[in-house]
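Visitor: coordinates only, no sequence provided:
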Ligand code: KG4
Ligand code: ZN
């Protein structure tokens, strides 16, 4: 019987230091042996956002400890690892450099292959850790830095169908939270407040709702929220605004996903269609439910990563490592950290907006 590959994954692209061991069982089903995440929320709270230098220093302090914990919890020894996969981008360069150099050093000392991983590909493949998922599938990636519809044709093969032309949806959640006086990172807290509010209380704009195909925009929404926050004071009003904001985002994602479904079906002619929603914002229960309803209507299978794998983690990085290991796709030890690294590298820039489509 062939030995199954054991992959060490390392993630340090922003404010989470994470390490994980992933392998697969006899049937080829991916299996997480350990998944350790250390969040830096307390480091950045008082600054209202991630401070790159502080984040990098915290990664340096913790990466060794977190990786040792991942090895220990997986009950393997470091020598059992067949390859080391580390996030090489996109992200904050000072943060990426920590995990990337650490991963390269381990691979080199063990004399095992090294795999540089695109963080976005980690999110894209995260549902594979818990669900059976065949290519091609339609991906909606909704995180703090990205909002994109992509047709995922295979590992490393992505066709972009739509993107935000300004802010990412996670950024809109975080900025709305900040305007409502909630501590960083406020996105998850908006969901909590929204449960106590009236989603129909405030009518908010839906930029490029009726045009732009499945491209999205959130900047106008933010400006409208800023105006309203200047006129409200009570807790109930704030909850109502959180609920109205969340409902507007749900409506935008619903409408744009419906358009993306048509575009996906035009380029992929299979009978069974799958819609994957991944990234930090995919943890939002209301957004999940709304997009599940759309899938039921449109005959797409809806697949979401479990909530604990929506945000940044190293299991998703090891998952990409596992797939690339099986394809013998290894990286050189001089692979650079890439602050900007789109999944579809051949995509064209949208004229004037500085946005890649
Ligand atoms: O994927 P992620 O952990 O990091 C990036 O790669 O960006 O996503 C983080 C984003 C943040 O903007 C955060 O506020 C948002 O995901 N987020 C949420 C929820 N949980 C995290 N937004 C809405 N509802 C949530 N429950
Ligand atoms: Zn992420």
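Guide: Ah, there it is. As the structure is a computational prediction, the values presented were derived from the model and not from experiment. Ligands and ions are numbered 1, 2, ... in the order given.

Visitor: tell me who's in contact with the closest residue to residue 25 other than its chain neighbours.
Guide: Excluding its sequence neighbours, the residue lying closest to residue 25 (CB to CB, 6 or more residues apart in numbering) is residue 31, at 5.3 Å. (Each C-beta comes from the backbone N, C-alpha and C, glycine too.) Residues near residue 31 by CB atoms under 8 Å, 6 or more residues apart in numbering: 22-25.

Visitor: can I get these in CSV with neighbour count, secondary structure and distance to ligand 1?
Guide: Listed next are the contacts of residue 31 as CSV, based on neighbours: other CB atoms under 10 Å; DSSP: H, G, I helix; E, B strand; the rest coil; distance: CB to the nearest ligand atom, whole Å:
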residue, neighbour count, secondary structure, distance to ligand 1
22, 27, strand, 18
23, 20, strand, 24
24, 16, strand, 24
25, 9, coil, 27
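
Visitor: export the residues you listed to JSON lines and tack on distance to residue 110 and pLDDT?
Guide: What follows is the contacts of residue 31, written out as JSON lines (distance: CB to CB, whole Å; pLDDT from 0 to 100):
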{"residue": "22", "distance to residue 110": "17", "pLDDT": "98"}
{"residue": "23", "distance to residue 110": "16", "pLDDT": "98"}
{"residue": "24", "distance to residue 110": "20", "pLDDT": "97"}
{"residue": "25", "distance to residue 110": "23", "pLDDT": "95"}
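
Visitor: show me the strands in the stretch 201-350 of the chain, by range?
Guide: 273-278, 300-303, 349-350 (DSSP state E, counting those that start in this stretch).

Visitor: deepest-packed of the ones you listed, please.
Guide: Compared across the strands of the stretch 201-350 of the chain, strand 273-278 shows the largest average neighbour count, a mean of 23 (mean count of other CB atoms under 10 Å).

Visitor: can you list contacts of it?
Guide: 123-124, 126-127, 133-134, 137-142, 152, 257, 261, 264-265, 287-288, 291, 295, 299-305, 310.

Visitor: quick one: strands adjacent to it?
Guide: strand 137-142 (parallel), strand 300-303 (parallel) (DSSP bridges).

Visitor: which among those strands is found nearest to ligand 1?
Guide: Comparison of the strands paired with strand 273-278 against ligand 1 by CB to the nearest ligand atom identifies strand 137-142 as nearest, at 7.5 Å.

Visitor: for the closest one, what is the average pLDDT?
Guide: In this model, strand 137-142 has a mean pLDDT of 98.

Visitor: next, count neighbours for residue 139.
Guide: Applying other CB atoms under 10 Å, we find 29 residues neighbouring residue 139.

Visitor: check residue 233 too.
Guide: 8.

Visitor: okay, it and ligand 1: tell me how far apart.
Guide: Taking CB to the nearest ligand atom, to the nearest Å as the measure, residue 233 falls 24 Å from ligand 1.

Visitor: contacting residues around that residue?
Guide: Residue 233 sits next to no residue when contact means CB under 8 Å, 6+ apart.

Visitor: OK, contacts around residue 159?
Guide: 150-151, 153, 267, 344.

Visitor: again, 6 Å this time
Guide: With contact taken as CB atoms under 6 Å, 6 or more residues apart in numbering, residue 159 is in contact with residue 151.

Visitor: in a helix, that's where it is, yeah?
Guide: No. Assessed with DSSP: H, G, I helix; E, B strand; the rest coil, residue 159 is strand; it does not lie in a helix.

Visitor: for it, give the beta-bridge partners.
Guide: Beta-bridge partners of residue 159, as defined by DSSP bridges: residue 151.

Visitor: numbering from 34 from now on, please.
Guide: Shifting the count to begin at 34 puts that one at residue 192.

Visitor: quick one: closest of the strands of the stretch 234-383 of the chain to ligand 2.
Guide: Each of the strands of the stretch 234-383 of the chain has some distance to ligand 2 by CB to the ion; the shortest is strand 306-311, at 9.0 Å.

Visitor: so for the most centrally placed residue in the chain, what's the nearest residue that isn't a sequence neighbour?
Guide: In the chain, the residue lying closest to the centroid (CA atoms, centre = their mean) is residue 312, at 2.7 Å. By the measure of CB to CB, 6+ apart, the closest residue to residue 312 outside its immediate chain neighbours is residue 176, 3.4 Å from it.

Visitor: could you do residue 108 as well?
Guide: Excluding its sequence neighbours, the residue lying closest to residue 108 (CB to CB, 6+ apart) is residue 66, at 7.2 Å.

Visitor: element containing that neighbour, please.
Guide: Using DSSP states H and E, residue 66 falls within strand 63-72.

Visitor: which outside residues touch the helix or strand following that strand?
Guide: Heading C-terminal from strand 63-72, the first helix or strand you meet, by DSSP H and E, is helix 74-77. Here helix 74-77 makes contact (CB under 6 Å, 6+ apart) with 83-84, 87, 91.

Visitor: from the chain's centre, how far out does helix 74-77 sit?
Guide: With CA atoms, centre = their mean, to the nearest Å as the basis, helix 74-77 stands 20 Å off its chain's centre.

Visitor: how about it: buried residues?
Guide: 76-77 (16 or more other CB atoms under 10 Å).

Visitor: average model confidence for that helix?
Guide: 88.

Visitor: quick one, grab the pLDDT at the residue nearest to residue 108.
Guide: 98.

Visitor: could you report the neighbour count for residue 317?
Guide: Counted with other CB under 10 Å, the neighbours of residue 317 add up to 27.
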